[in-house]
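*Asks:* sharing a model prediction with you, sequence too.
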Amino acid sequence: QVAGSSRIRRAAQRLLQQRWELLANYTCLPGPAPQRLVQDIIQAYKSGIILQGNSTSLGRWDFSGSFFFSISTITTIGYRNLSPSTAAGRIFCIFFALFGIPLNLVLLNSIGQLMLSGVQHCAHRLEEKFHWQKKATLLIRICALLTCLLLFLLLPPVLFSAKEGWSYEEGFYYSFITLSTIGFGDYVIGMNPDHTYPGWYKNVVSLWILFGMAWLALVIKFCMNLLESSSDFCQCNKKSKELSEDLMDGKKNSVTGLDDVESCSGKDTKQKDQTEWHIHTAPTEAL
């Protein structure tokens, strides 16, 4: 944070120095004129108009740019680099987001279920072919996790480095901030007017966002289930420890304590049975 603040401070000082040098070299320019020009450029840039040489370009509101804006809207990423500038556009954006966000959640859930079905189907095939049981499911899940990690987090920064001129660390940072829907807006693709971007670039990134968000949602859900299971296990151990201490002290009824431990153990057994049933029956349903 300190390094980032110092960079911003140096950039502000450099910009102010360039402004005073411009006014000193071109004394015929009145003071308010350059300020109005800068404000107009900033407003045009926010509206999606890019100044290139002696011409302007609607680079961010062409088909690929509009499609990318639509994806960033319904996924609630919100880079804050582009927004509708007319009243009609804002009203349309409200209704578009109102219906688009729930539909996008349904789509992400369907994509996630499709990924899970593919993993379970592969695990079922391996179990039948090599007569493996839990090893096949564990192996396929590990391979799927590593493959998706490679496709959605490790390889995209290479593309961003080639097209945007970012470092790998910056591309990885942008990938995670985008897929997690944080969307700070400090790094956004297709924003450099000095670069020429191919037509497929933003479309491919938009599809990457959809599939990557579905995968990251599955990973987060898996981590939440793992934490909940660990919490239940710790509570059971705590009850067992308290029961042992109470039995040694003779302060509480042992029958009540044993009932608590048995119910806890029964809960773990039931959860384990349900998990095993899900693992063995889900591949059949995926077929």
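*Replies:* In hand now; what should we look at?
*Asks:* confidence score at the spatially most central residue of the chain?
*Replies:* In the chain, the C-alpha nearest the mean C-alpha coordinate belongs to residue 179, at 1.6 Å (C-alpha atoms, centre = their mean). Per-residue pLDDT puts residue 179 at 92.
*Asks:* right, and it touches residue 213 too?
*Replies:* Yes - taking contacts as C-beta atoms under 8 Å, residue 179 lies within contact range of residue 213: 5.5 Å. Every C-beta, even on glycine, is put in place using the N, C-alpha and C of the backbone.
*Asks:* what's the spacing between the residue nearest to the centre of the chain and residue 214?
*Replies:* Distance of residue 179 to residue 214, computed by C-beta to C-beta, to the nearest Å: 10 Å.
*Asks:* lowest-confidence helix or strand of this protein?
*Replies:* helix 254-286 (a mean of 44; mean pLDDT, DSSP states H and E).
*Asks:* where in the stretch 151-287 of the chain is pLDDT low?
*Replies:* 239-287 (pLDDT under 70).
*Asks:* hey, which helix is longest across this structure?
*Replies:* helix 200-249 (DSSP state H).
*Asks:* which elements pack onto that helix?
*Replies:* Applying 3 or more C-beta pairs under 8 Å, 6 or more residues apart in numbering; DSSP states H and E, we find helix 200-249 packed against helix 63-74, helix 87-130, helix 168-179, helix 254-286.
*Asks:* chain center to that helix: distance?
*Replies:* Helix 200-249 sits 17 Å away from the centroid of its parent chain (C-alpha atoms, centre = their mean, to the nearest Å).
*Asks:* can you check stretch 157-170 too?
*Replies:* Counting by C-alpha atoms, centre = their mean, stretch 157-170 comes out at 17 Å from the chain centroid.
*Asks:* start to end distance for it?
*Replies:* Start-to-end span of stretch 157-170 (C-alpha to C-alpha, to the nearest Å) is 8 Å.
*Asks:* got a list of contacts for that stretch?
*Replies:* If you take C-beta atoms under 8 Å, 6 or more residues apart in numbering as the criterion, stretch 157-170 is touched by 171, 172, 174, 175, 187, 189, 192, 195, 197, 201.
*Asks:* got any ranges where the stretch 1-150 of the chain has weak pLDDT?
*Replies:* If you take pLDDT under 70 as the line, the stretch 1-150 of the chain has these spans: 1-5, 31, 44-60, 132-136.
*Asks:* change it to 80
*Replies:* 1-8, 11-12, 19-20, 22-62, 80-82, 85, 119-120, 122-141 (pLDDT under 80).
*Asks:* hmm, back to that, would you list the contacts of stretch 157-170 in a markdown table and tack on distance to residue 10 and neighbour count?
*Replies:* Below are the contacts of stretch 157-170 laid out as a markdown table (distance: C-beta to C-beta, whole Å; neighbours: other C-beta atoms under 10 Å):
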| residue | distance to residue 10 | neighbour count |
| --- | --- | --- |
| 171 | 24 | 23 |
| 172 | 25 | 18 |
| 174 | 23 | 20 |
| 175 | 27 | 23 |
| 187 | 19 | 18 |
| 189 | 26 | 21 |
| 192 | 21 | 14 |
| 195 | 24 | 12 |
| 197 | 29 | 16 |
| 201 | 32 | 18 |
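*Asks:* can you list contacts of stretch 66-86?
*Replies:* 46-48, 60, 65, 90, 92-93, 96-97, 100-101, 103-104, 178, 181-185, 188-191, 202-203, 205-206, 209-210, 213.
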